[in-house]
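Undergrad: All I have is the shape, not the residue letters:
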DNA sequence: GCAATTAACGAACGTTCGTACTACATTGCG
DNA sequence: CGCAATGTAGTACGAACGTTCGTTAATTGC
């Protein structure tokens, strides 16, 4: 890897961490440079503009999310195991302070940019659509596996699942309530239970 | 009402609207003054500091929320009617662009200040605690009325209900999906259904 | 209707913002 | 080794930031 690319990655990792605390808009080139013991101009040279820095920072966060939340889940067996793993990875992602000391950057940016058109918002929407699609697909597979009732609406369940995650994020971050994780877990189980296929249909699916 | 107080209210209403779009941190005194055809210094004189302006702006938004969401619900009959009314007022609040063209200010600020200690964050937490308490109380009353099962955990249900609202806000604002309201309504009904008291206990409660 | 209070203004403060341009240092390749 | 490309630093810019000041204009209470 070239030197430039290497430091750019270093910058972006720090940018993700900083932006998770102060937001993508609050992320300033000067303060970011200060954290990295770099000059403002030296850092700026890696990105043509602030918006470019913001976009790349968000993309880096999305990469991390994929690595830590989605990809591991795809290695699990289809159906409920995968769905449960995705969910628990997601909660761990919310709680983890390693890469994102200030909470999930995507969730923060979603609120910050819901009224600011531009490249950041577009990327945010695209990422959200992709994620929702992946969850809905996982649910559909769980139906195919006979784990969930066939009449389950994948998009509705995705919506409600997302709500549980949002509530957990909120309670963890703002209220600092560690019980939020437990609450979220209970909510997920109740959600699954409500849509779980009857034994009969499980048997039917297995024959 | 004194002249000063009058214009201060005018300023705060505009501040709520502006902050709902750009956030409480993004709210700048200069741009706010520009919107109101006032001088920066003239506006600033009403508030000792920017933080004071932010706190008062948030308080005004909380007032509006109480007026438009909580108070009307308290006029409804205890139990499910009140709970449903609270929820639908809340969704209307999220959707309404009259006072808050950029979505719920409290939700936006919750994400913005979850890592920024200070008076704004403290006020935010206090308001959230109050709201959660009010919802949990409404749920408890619904249990007392025999509408919901006695073993229902009010705080857990409050958590899940809040999640549905958060998901609706997200889908409305970021994705611009009007079906979010429908989704939220369905989710609420499913939540209620899951905790609804059996007919037997309803009859028992009525005797 | 006069005097005292209050509201609003315009200018300027020092700081930080994003960005541009120039010059020096380092790196990688022939 | 030497030269070209690349990375970093320095400096400067115009604009916007929150804030302070002194002054004028408007409103209030007697």
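TA: Received it, and whenever you're ready, just let me know what you need. Computed from a predicted model, the values in this text were never measured in an experiment. Numbering: from 1, shown residues only, chains lettered A, B, ... in the order given.

Undergrad: Tell me which residue is most central in chain A.
TA: Nearest to the mean C-alpha position of chain A, by C-alpha atoms, centre = their mean, lies residue A:65 at 5.2 Å.

Undergrad: how about the strands of chain A, start to end?
TA: Using DSSP state E, chain A contains no strands.

Undergrad: Show me what the lengthiest helix in it is packed up against.
TA: Longest helix of chain A, by residue count under DSSP state H: helix A:119-144. Helices and strands touching helix A:119-144, by 3 or more C-beta pairs under 8 Å, 6 or more residues apart in numbering or on different chains; DSSP states H and E, are helix A:50-65, helix A:80-95, helix A:105-112, helix A:154-173. In this view, the C-beta of every residue, glycine as well, is placed from N, C-alpha and C.

Undergrad: now for the ones you listed, which one comes closest to residue A:143?
TA: Closest of the helices and strands packed on helix A:119-144 to residue A:143 is helix A:154-173, at 7.4 Å (criterion: C-beta to C-beta).

Undergrad: thought residue A:188 was touching residue A:163?
TA: No. Counting by C-beta atoms under 8 Å, residue A:188 does not reach residue A:163; the two are 11.0 Å apart.

Undergrad: Look at these two and report which has more neighbours.
TA: Using other C-beta atoms under 10 Å in any protein chain shown, the more surrounded residue of residue A:188 and residue A:163 is residue A:163, with 27 against 20.

Undergrad: In this structure the more buried one contacts residue B:166, no?
TA: Yes. Residue A:163 sits in contact with residue B:166 when judged by C-beta under 8 Å, with a separation of 5.7 Å.

Undergrad: thinking again about what came up before, to DNA strand D, which of the helices and strands packed on helix A:119-144 lies closest?
TA: Closest approach to DNA strand D among the helices and strands packed on helix A:119-144 (C-beta to the nearest atom of the strand): helix A:50-65, 11.5 Å.

Undergrad: Show me the contact partners of the closest one.
TA: For helix A:50-65, contacts defined as C-beta atoms under 8 Å, 6 or more residues apart in numbering or on different chains pick out A:12-13, A:15-16, A:19-20, A:24-25, A:27, A:29, A:47, A:93, A:99-100, A:104-106, A:109, A:118-120, A:123-124, A:127.

Undergrad: from the residues you listed, which would you call buried?
TA: A:12-13, A:15-16, A:19-20, A:24-25, A:27, A:29, A:47, A:93, A:99-100, A:104-106, A:109, A:120, A:123-124, A:127 (16 or more other C-beta atoms under 10 Å in any protein chain shown).

Undergrad: and these near DNA strand C, which?
TA: Counting by C-beta under 7 Å from any atom of the strand, A:27, A:29 from those sit close to DNA strand C.

Undergrad: So which residues on chain A come close to DNA strand D?
TA: Residues of chain A found near DNA strand D (C-beta under 7 Å from any atom of the strand) are A:2-5, A:7, A:37-43, A:45-46.

Undergrad: nearest to DNA strand C, of those?
TA: Nearest to DNA strand C out of the residues of chain A next to DNA strand D is residue A:41 (C-beta to the nearest atom of the strand; 3.5 Å).

Undergrad: Now for that closest one: which residues touch it?
TA: No residues are in contact with residue A:41 under the rule C-beta under 8 Å, 6+ apart.

Undergrad: Distance check, it against chain B.
TA: For residue A:41, the distance to chain B (C-beta to the nearest C-beta, to the nearest Å) stands at 26 Å.

Undergrad: Minimum distance to DNA strand C, which residue of chain A gives it?
TA: The nearest approach of chain A to DNA strand C comes at residue A:30, 2.8 Å away (C-beta to the nearest atom of the strand).

Undergrad: For that residue, which non-adjacent residue is closest in space?
TA: Of all residues not flanking residue A:30 in the chain, residue A:40 sits nearest, at 5.2 Å (C-beta to C-beta, 6 or more residues apart in numbering or on different chains).

Undergrad: So in chain A, where's the weakest helix or strand by average pLDDT?
TA: Least confident helix or strand of chain A, by mean pLDDT, DSSP states H and E, is helix A:199-206 with a mean of 54.

Undergrad: Determine the number of other residues adjacent to residue A:5.
TA: That count, for residue A:5 with other C-beta under 10 Å as the rule, works out to 10.

Undergrad: I'd say residue A:33 and residue A:43 touch.
TA: Yes. Here residue A:33 reaches residue A:43: they are 4.4 Å apart, a contact under C-beta under 8 Å.
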